[in-house]
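Trainee: next comes the sequence, and after it the predicted model I'd like to discuss.
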Amino acid sequence: MVRAIDTQLVNQHKNRQYRLHLHLKNFSTKEEAINHPPNGVVNADSKVSIRNKKNKSFNHVPPAFGTVLIARIVDMNELQTDEASSSC
């Protein structure tokens with residue numbers, strides 16, 4: 001049963017991805033494709049994109065994953081404590 005559900009979901013994803021590919025293939029530039037979304041795509045996605053760009057502008061450190069992220073957090077905390085102790 002689980003395998004049948006997994007197979008169905010994979011097939012639906014591949015089908016949707018292929019339909020988007022066919023739609024986007026008709027446009028010469030990325031901007032033109034964004035301005036002409038396929039049927040069923042709501043423009044609310046653009047509002048989320050604007051909000052994401054605004055939130056990303058507040059990030060001082062680019063995102064990372066795993067041990068690199070931990071090392072960056074530790075380094076940033078050390079820098080902040082050094083600045084705080086030197087300003088006193």
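Mentor: Sure thing, it's come through. From a predicted model like this one, the values you see are computed outputs, not experimental measurements. Numbers count the residues shown, from 1 in each chain.
Trainee: now H23: which helix or strand?
Mentor: Using DSSP states H and E, H23 sits in helix 2-24.
Trainee: let me fix that, I meant to ask about P37.
Mentor: For P37, there is no helix or strand it lies in under DSSP H and E.
Trainee: neighbours around it, how many?
Mentor: Residues near P37, counting by other CB atoms under 10 Å, number 15. For every residue, glycine as well, the C-beta is placed using N, CA and C.
Trainee: what are the phi and psi values for it?
Mentor: Main-chain dihedrals, P37, degrees, to the nearest 10: phi -70, psi 150.
Trainee: relative to K56, how far out is it?
Mentor: Counting by CB to CB, to the nearest Å, the separation of P37 from K56 is 22 Å.
Trainee: number of nearby residues for P38?
Mentor: Using other CB under 10 Å, the number of residues around P38 comes to 13.
Trainee: can you give me the neighbour number for N11?
Mentor: By other CB under 10 Å, the residues close to N11 number 10.
Trainee: contact partners of the helix holding H23?
Mentor: By CB atoms under 8 Å, 6 or more residues apart in numbering, the residues outside helix 2-24 that reach it are 33, 38.
Trainee: can you name the next helix or strand after the least confident helix or strand in the chain by mean pLDDT?
Mentor: Every helix and strand in the chain was compared by mean pLDDT, DSSP states H and E; the lowest is helix 44-57, with a mean of 68. Counting by DSSP H and E, the next helix or strand C-terminal to helix 44-57 is helix 67-87.
Trainee: export that following helix as CSV, just CAs?
Mentor: Output of helix 67-87 as CSV, limited to C-alpha atoms (Å, rounded to 0.1, in the frame of the first residue of the first chain):
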residue,chain,number,x,y,z
THR,A,67,28.5,21.9,11.0
VAL,A,68,29.1,25.0,8.9
LEU,A,69,26.0,26.6,10.4
ILE,A,70,27.1,25.7,13.9
ALA,A,71,30.6,27.1,13.3
ARG,A,72,29.1,30.4,12.0
ILE,A,73,26.8,30.7,15.0
VAL,A,74,29.6,30.1,17.5
ASP,A,75,31.8,32.6,15.6
MET,A,76,29.1,35.3,15.5
ASN,A,77,28.4,34.8,19.2
GLU,A,78,32.1,35.2,20.0
LEU,A,79,32.3,38.3,17.9
GLN,A,80,29.3,39.8,19.7
THR,A,81,30.7,39.0,23.1
ASP,A,82,34.1,40.5,22.2
GLU,A,83,32.5,43.7,20.9
ALA,A,84,30.3,43.9,24.1
SER,A,85,33.3,43.5,26.4
SER,A,86,35.5,45.9,24.5
SER,A,87,32.8,48.7,24.5
